[in-house]
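Chemist: the following comprises the amino acid sequence and a computationally predicted model.
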Amino acid sequence: MKEISEEEFKKIEGHFPRQRGNVSIENRRMLNALLYMDENGCKWRALPEKYGNWSTVHKRISRWAENGVLAGVFEALQKELLLDIRIEAVALDNTCIKVHPDGTGALKKTANKISVRQRADGTPRFTWLPPMIKP
């Protein structure tokens with residue numbers, strides 16, 4: 001696996017945001033974590049501990065992606081010939097769809113109650129059919 005060395009990182013260091021405050025993971029290690037994820041295609045939680053806490057890495061890389069930092073970094077990596085990138089397919093998805101319990105096949109809390117009126121439980125009194133158009 002290709003990791004960016006300290007000398008190589010100095011060539012592209014200007015494309016990263018300045019680190020402020022109490023930062024536990026430096027940008028070079030963060031970039032190497034991203035390259036590891038890209039090469040191995042693993043889940044964030046499966047990221048080796050040598051790169052730091054997976055949650056921290058995920059949050060910072062997500063911010064970089066939103067702010068356009070990653071686009072500039074990968075462009076610089078290619079211009080400096082530090083990394084030969086060939087993208088065959090990229091698929092990222094962060095979709096969450098909440099489904100009503102009825103839609104998942106969950107059992108209803110109450111059983112069907114028998115109506116006092118027998119007619120209400122029988123065949124429906126009204127049926128609507130779309131009008132048929134003759135050709």
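Modeler: Received it, and whenever you're ready, just let me know what you need.
Chemist: for Val38, give its distance to Gln19.
Modeler: Just to correct that, residue 38 is Asp rather than Val. According to C-beta to C-beta, to the nearest Å, Asp38 stands 22 Å off from Gln19. For every residue, glycine as well, the C-beta is placed using N, CA and C.
Chemist: err, Lys11, not the other one
Modeler: Taking C-beta to C-beta as the measure, Lys11 falls 18 Å from Gln19.
Chemist: neighbour-wise, which of those two wins?
Modeler: More crowded of Lys11 and Gln19, by other C-beta atoms under 10 Å: Lys11, with 15 against 12.
Chemist: burial check on the nearest residue to that one once chain neighbours are set aside, number of neighbours?
Modeler: Sequence neighbours aside, Glu80 is the residue nearest to Lys11 in space, at 4.9 Å (criterion: C-beta to C-beta, 6 or more residues apart in numbering). Applying other C-beta under 10 Å, we find 11 residues neighbouring Glu80.
Chemist: quick one, phi/psi of Glu80?
Modeler: phi -80, psi 0 (degrees, to the nearest 10).
Chemist: check contacts around it.
Modeler: 8, 11-12 (C-beta atoms under 8 Å, 6 or more residues apart in numbering).
Chemist: filter those residues down to the ones in helices?
Modeler: 8, 11-12 (DSSP state H).
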